[in-house]
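Trainee: for reference, the sequence and a predicted model appear below.
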Amino acid sequence: MLAKPTGGAARIIPALDTGDLARAEALAAALAGRCGVLKVGLELFCAAGGPAVAAIARHAPVFLDLKLHDIPNTVAGALRSLLPLRPAMVTLHAGGGPAMIAAARAEAEKAGADRPILLAVTVLTSMDAAALAATGVADTPAEQVRRLAKMAVAAGADGLVCSPREAALLRADLGPGPALVVPGVRPPGSDAGDQARIATPAEAVAAGADWIVVGRPITGAPDPAAAAAAIAAGIPD
Ligand SMILES: O=c1ccn([C@@H]2O[C@H](COP(=O)(O)O)[C@@H](O)[C@H]2O)c(=O)[nH]1
């Protein structure tokens, strides 16, 4: 499994959110020396599939963020299909429950020591308390994140996707072990867009994030490599 980063640029995961594989490859080439991992998400994977993962992996380890969420047998089968792509990280929704997470872990183990880090997505960073309430959850996002995180780690997740607002709470609950991968990160002054629970890169790392996911503030910048370098310069070790 990929080791946790110790500081600086290695903590940064740019999200290559585009349906254009040539654009994603150009971004990957520009960003490879400025980050630790590159994220392939739903937009790129739906457009270009496995070959996109292989192309991006030529530049840096790949975080394959597909947020798997289905019955245990189907999620295990999806993992079986994805493992030959050798992603460094894979996401599944914690809301799929302990049996789904355990099935994914059992399947991932078949890849041996080189297996991906399995990350359980807790409450999407785009959701505020009102959006969560609309799904029938009356608790605050922080309470729901903590509940899902404890369940997911007990069921076999190696780590969690949470917002920077919950990172310190999860460190207090779960200790230093689980990998915390944190989107909803915005450099000071950047547009939040559709993200609801945000903090700066420095705040996210200080709260306990191992990796921070940054998409539009990097990929939408006139010089994405310079934007990533500026973020790295502001991150404490
Ligand atoms: O809760 C989550 C889980 C995943 N994401 C993903 O991270 C990036 C964030 O992109 P920005 O442009 O920096 O907002 C994106 O690919 C999401 O799919 C998330 O934002 N929140």
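Mentor: Yes, it's here. What you see is a predicted model, and the numbers here were worked out from it, not measured in a lab.

Trainee: burial count for residue 105?
Mentor: When neighbours are counted by other C-beta atoms under 10 Å, residue 105 registers 18. All C-beta spots, glycine's among them, are computed from the backbone N, C-alpha and C.

Trainee: also residue 2?
Mentor: Using other C-beta under 10 Å, the number of residues around residue 2 comes to 18.

Trainee: any idea which residue of the protein is furthest from its center?
Mentor: residue 138 (25.3 Å; C-alpha atoms, centre = their mean).

Trainee: tell me how far it lies from the ligand.
Mentor: 20 Å (C-beta to the nearest ligand atom, to the nearest Å).

Trainee: in a strand, that residue, correct?
Mentor: No. Under DSSP: H, G, I helix; E, B strand; the rest coil, residue 138 falls outside any strand and is assigned coil.

Trainee: got the contact list for it?
Mentor: Residues counted as contacts of residue 138 (C-beta atoms under 8 Å, 6 or more residues apart in numbering): none.

Trainee: now whichever residue of the chain sits closest to the ligand, nearest residue through space, not along the chain?
Mentor: Residue nearest to the ligand within the chain (C-beta to the nearest ligand atom): residue 215, separated by 2.5 Å. Distances taken as C-beta to C-beta, 6 or more residues apart in numbering place residue 15 nearest to residue 215, at 3.3 Å, with adjacent residues excluded.

Trainee: who's that neighbour bridged to?
Mentor: Counting by DSSP bridges, residue 15 forms beta bridges with residue 39.

Trainee: what is the burial count for it?
Mentor: Neighbour count of residue 15, defined by other C-beta under 10 Å: 22.

Trainee: so what pLDDT did the residue nearest the centre of the chain get?
Mentor: Nearest to the mean C-alpha position of the chain, by C-alpha atoms, centre = their mean, lies residue 181 at 4.9 Å. Residue 181 is assigned a predicted lDDT (pLDDT) of 98.

Trainee: with residue 37 instead?
Mentor: 98.

Trainee: that one contacts residue 64, correct?
Mentor: No. Look at residue 37 against residue 64 with C-beta atoms under 8 Å: they stay out of range, at 10.3 Å.

Trainee: any common contacting residues for those two?
Mentor: Common neighbours of residue 37 and residue 64 (C-beta under 8 Å, 6+ apart) are residue 89.

Trainee: find the nearest non-adjacent residue to residue 186, please.
Mentor: Nearest one to residue 186, counting by C-beta to C-beta, 6+ apart, is residue 198 at 4.9 Å.

Trainee: local confidence estimate at that neighbour?
Mentor: 98.

Trainee: for it, grab phi and psi.
Mentor: Backbone torsions for residue 198, taken as degrees, to the nearest 10, come to phi -120, psi 160.

Trainee: ok, then the element right after the longest strand seen in the chain?
Mentor: In terms of residue count, the longest strand belonging to the chain (DSSP state E) is strand 62-68. Sequence-wise, the next helix or strand downstream of strand 62-68 (DSSP states H and E) is helix 72-82.

Trainee: just checking, what packs against that next one?
Mentor: strand 62-68, strand 89-93, helix 98-109 (3 or more C-beta pairs under 8 Å, 6 or more residues apart in numbering; DSSP states H and E).
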